[in-house]
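>>> build me a structure from this.
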Amino acid sequence: MIVPIFTIISMVSIIIFGGFLNSSEKSAISAETALQENVKVTTEDAADQARQRSGQIKGVYAGWAYNQSYFKKLFEETELNGIVIDVKEYYGINLSVSLQSFIKELQEENVWTIARIVVFRDSLSLEKNPEWYLTSSESIWQDRSGYYWLDPQNQEVSDYIVDFSKKVIDFGFDELQFDYIRYPETYGFVSGPEKVAAISDFFSQLSLELKKYDPSIILSVDLFGYITTQHRSYGIGQSLAEAEQCFDYLSFMLYPSHFYSGFDVAGVRYSYPEVVKHPYEVIYYSIIASGFPEKTRPFLQDFNLRIDTERGIIYDAAKIRAQIQAAEDAGASGWLFWNPKGIYTKEAFK
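Now for the predicted structure:
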């Protein structure tokens, strides 16, 4: 570490001329040193407390949290103690005064508040900064659903996400959760290794800058479920090893209904759609296969796909409890449930 010259001069001055300082000047220096040490200890304590609390979260996704009374009642009457709220989606920002008031109310009731930030799938800067976006043949690229994606290799894009994330920290959330930190699966204008390098570099920059800004902030990342077993995807650029180093928690999206290629882990095999009937095994063996159960806080399924209900497969309270049991048996640090409509099976939670 390079020590600034003015710091060295100050240290030498104190050593050489310390004998000439009067008692009040010496007391002032001692007080300043003590204050600096106290701030350091206080910051470390805050970070330790945040880590301890964040490891026991039982949460649900609330979208933009419009139905605030519904979630307040859910927390009052069940074991749930965490909420995931969208603050940045591809189409807009959600940092209103009413939302800030809501999260403060929740925190007063010891509810852990998590801000979900959609990263690279983003249309917000399309008109102002078109050069930030992925391209094909010199035109701005869109995926099959018509979405636009920011370029992970553009430094201005990285700065934009970091700056926005700092605003969310100042807004008052306990944790920042990042989604869509990846390339779109169908973008073929960048090689697989280049995708992995770009996403890993972004992981690192994001973590370093935000932890420096606020050492007590908790950071988590949403990852595809198959990353637990493959550990690296050249198609989207996500690498488990790099993610584990940069984030406090890994939220693998382990929805059994989404295992369209079936399930084959540790000798446990289910073809699709048979796999949908086995939520416990899918969750348990996926978390174990990740190699980082203590850093895993998975997203679980509290929704039904029509293709499943037509086959008579319903994710009722029993299947929800099976997922919870699997996550806890595997040693996960809490769990989160996803329902795109933000409506949950209350009887499934104690």
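
>>> could you pull out the helices for the stretch 1-150 of the chain?
Assigned by DSSP state H, counting those that start in this stretch, the stretch 1-150 of the chain shows helices spanning 5-17, 23-54, 68-77, 97-108.

>>> with the stretch 151-300 of the chain instead?
Under DSSP H, counting those that start in this stretch, the stretch 151-300 of the chain gives helices at 155-171, 192-213, 227-230, 240-246, 279-290.

>>> looking at the ones you listed, which is buried most?
helix 279-290 (a mean of 23; mean count of other CB atoms under 10 Å). The way it works is simple: take the backbone N, C-alpha and C, and place the C-beta from them, glycine included.

>>> least reliable of the helices of the stretch 1-150 of the chain by average pLDDT, please.
When those are compared on mean pLDDT, helix 5-17 scores lowest, with a mean of 41.

>>> any idea how far residue 296 is from the closest residue to residue 287 other than its chain neighbours?
Once flanking residues are discounted, residue 287 sits nearest to residue 330: 3.8 Å by CB to CB, 6 or more residues apart in numbering. Residue 330 is 8 Å from residue 296, where distance means CB to CB, to the nearest Å.

>>> shared neighbours, the two?
With contacts taken as CB atoms under 8 Å, 6 or more residues apart in numbering, the residues that reach both residue 330 and residue 296 are residue 287.

>>> more neighbours, those two?
Ranked by neighbour count (other CB atoms under 10 Å), residue 330 and residue 296 place residue 296 first, with 26 against 20.

>>> thinking that one is in contact with residue 287, fair?
Yes. Look at residue 296 against residue 287 with CB atoms under 8 Å: they come within range, at 5.2 Å.

>>> anything in contact with each of these two?
Contacts common to residue 296 and residue 287, judged by CB under 8 Å, 6+ apart, are 252, 327, 330, 332.

>>> need these in TSV with pLDDT, can you?
Formatted as TSV, the shared contacts of residue 296 and residue 287 follow (pLDDT from 0 to 100):
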residue	pLDDT
252	98
327	98
330	98
332	98
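
>>> name the member of those with the most neighbours.
Top of those by neighbour count (other CB under 10 Å): residue 332, with 28 neighbours.
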